[in-house]
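> Okay, sequence plus prediction incoming.
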Amino acid sequence: MTHPILTPIRLNNGVWEGRLTSDAPPEVEILYCGKTLTDFELTQDGAEWVLQLTVPTETLSDGVHTILIQNAATHEKLGDITIIAGQPADDSLLAELSLLRAEVDLLKRVVRRLHVSGS
């Protein structure tokens, strides 16, 4: 038996959708902040299963929120949904972008030095 594989499809109008490939009917548990979410549907579509989750409104607030999707029997992580919203997230992303730019500049200087010394 193979492990279930979750492939995210879309998030539209507050409903997240993914496809599960599994040999047997999958046992899915969805957690947010340690609470089990029950507002989801798992329906068979041929050899695959469609997972549809209504995203809780409490995840639509400032910061980064993660919903964990796992195998209920083994507690193996199948996937997650990350929602980033609000002002603190914007500041955090800008700071991360600034750090990445500084690292790219550093790498450019090192490559130029190596190129000049190798010529």
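It's in.
> quick one: the helices in the chain?
With DSSP state H as the criterion, the chain has helices at 86-118.
> Lowest mean pLDDT among the helices and strands, pick that one out for it.
Using mean pLDDT, DSSP states H and E, the weakest-scoring helix or strand in the chain turns out to be helix 86-118, at a mean of 81.
> Check the offset of it from the chain's centre.
Taking the mean of its C-alpha atoms, helix 86-118 sits 24 Å from the chain's own mean (C-alpha atoms, centre = their mean, to the nearest Å).
> right, and residue 5 touches residue 23 too?
No: counting by C-beta atoms under 8 Å, residue 5 sits too far from residue 23 to count as a contact (10.7 Å). (Each C-beta comes from the backbone N, C-alpha and C, glycine too.)
> between these two, who's got more neighbours?
Neighbour count, other C-beta atoms under 10 Å: between residue 5 and residue 23, residue 5 has more, with 13 against 10.
> Provide a list of residues in contact with the more buried one.
Going by C-beta atoms under 8 Å, 6 or more residues apart in numbering, residue 5 touches 20, 21, 22, 78.
> Against residue 67, how distant is residue 34?
From residue 34 across to residue 67, the span is 12 Å (C-beta to C-beta, to the nearest Å).
> What about residue 22, how many residues nearby?
If we define neighbours as other C-beta under 10 Å, then residue 22 has 20 of them.
> oh, I was asking about residue 105
Using other C-beta under 10 Å as the criterion, residue 105 is surrounded by 10 other residues.
> for the one 5 residues further on, same thing?
Applying the criterion other C-beta under 10 Å, we find 10 residues in the vicinity of residue 110.
> same thing with residue 67?
Neighbour count of residue 67, defined by other C-beta under 10 Å: 19.
> Read off the pLDDT value for the residue lying closest to it once chain neighbours are set aside.
With sequence-adjacent residues excluded and distances taken as C-beta to C-beta, 6 or more residues apart in numbering, residue 67 is closest to residue 81, at 4.3 Å. The model reports residue 81 with a pLDDT of 94.
> doesn't residue 14 make contact with residue 81?
No: taking contacts as C-beta under 8 Å, residue 81 lies outside contact range of residue 14: 11.7 Å.
> okay, these two: which has more neighbours?
residue 81 (18 against 12).
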